[in-house]
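K.L.:
pasting the structure only:
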C-alpha cells in the first residue's frame, strides 16, 4: 500500500497517471480559489475567455481543443457564457460547422480583472522550477502527449 505524506499534495508512490491527476486537481483548486475572488466564472469558462482574449483560438473547435474541454461540457459552458453576456457566438464563414467566439465588453472586463492575477500565478509556478526543470517538463509533456495516443499495449 502506498504511503501518502502531507509533505506534498501528490503521492509519488502512485503510478504516473495518478500523480498527474493529483497535480491537475491541485492546480485546478488553486485556480478556482483565485477565480472565485473575482466573480462567479468557473475554470472552463475562464479558459474559453482567456484563449479568445489572447487570440490563440476563436472558433468553437479550436477553442474547445486548446482548452481541453469535452464537446458536451464545452457546448454547455459556451451557452452559459453567451447567456451571461461574456461572449457572442457568430457564424464562421470559412466553415459552416464552426462558430466564431467573440468577447463582449463584459468578457474583456472579466479578462482584464482576472488576467493579471493568473499571469502572476503562472510566473510563480514557473519560478518554482529552474531552467533545466522547465525545459525538461516541456519535453516530458510532449513525450507523454505522444505516448497518450497509444491505446493498444498488446505489442508494446
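P.N.:
Received it, and whenever you're ready, just let me know what you need. The shown structure was predicted, so the numbers you read here are calculated from the model rather than taken from an experiment.

K.L.:
now the strands for the protein?
P.N.:
Along the chain, counting by DSSP state E, strands occupy 87-91, 99-103.

K.L.:
deepest-packed of the ones you listed, please.
P.N.:
Mean neighbour count (mean count of other CB atoms under 10 Å) peaks for strand 99-103 among the strands of the chain, with a mean of 19. Placement of C-beta: from N, CA and C, glycine included.

K.L.:
report all helices and strands that that strand contacts.
P.N.:
helix 43-53, helix 60-67, strand 87-91 (3 or more CB pairs under 8 Å, 6 or more residues apart in numbering; DSSP states H and E).

K.L.:
how much space between the residue positioned nearest the centre of the chain and residue 154?
P.N.:
With distances taken as CA atoms, centre = their mean, the residue of the chain nearest its centroid is residue 67 (4.9 Å). Here the criterion is CB to CB, to the nearest Å. By it, residue 67 lies 33 Å from residue 154.

K.L.:
got it, and residue 90?
P.N.:
According to CB to CB, residue 90 and residue 154 sit 47 Å apart.
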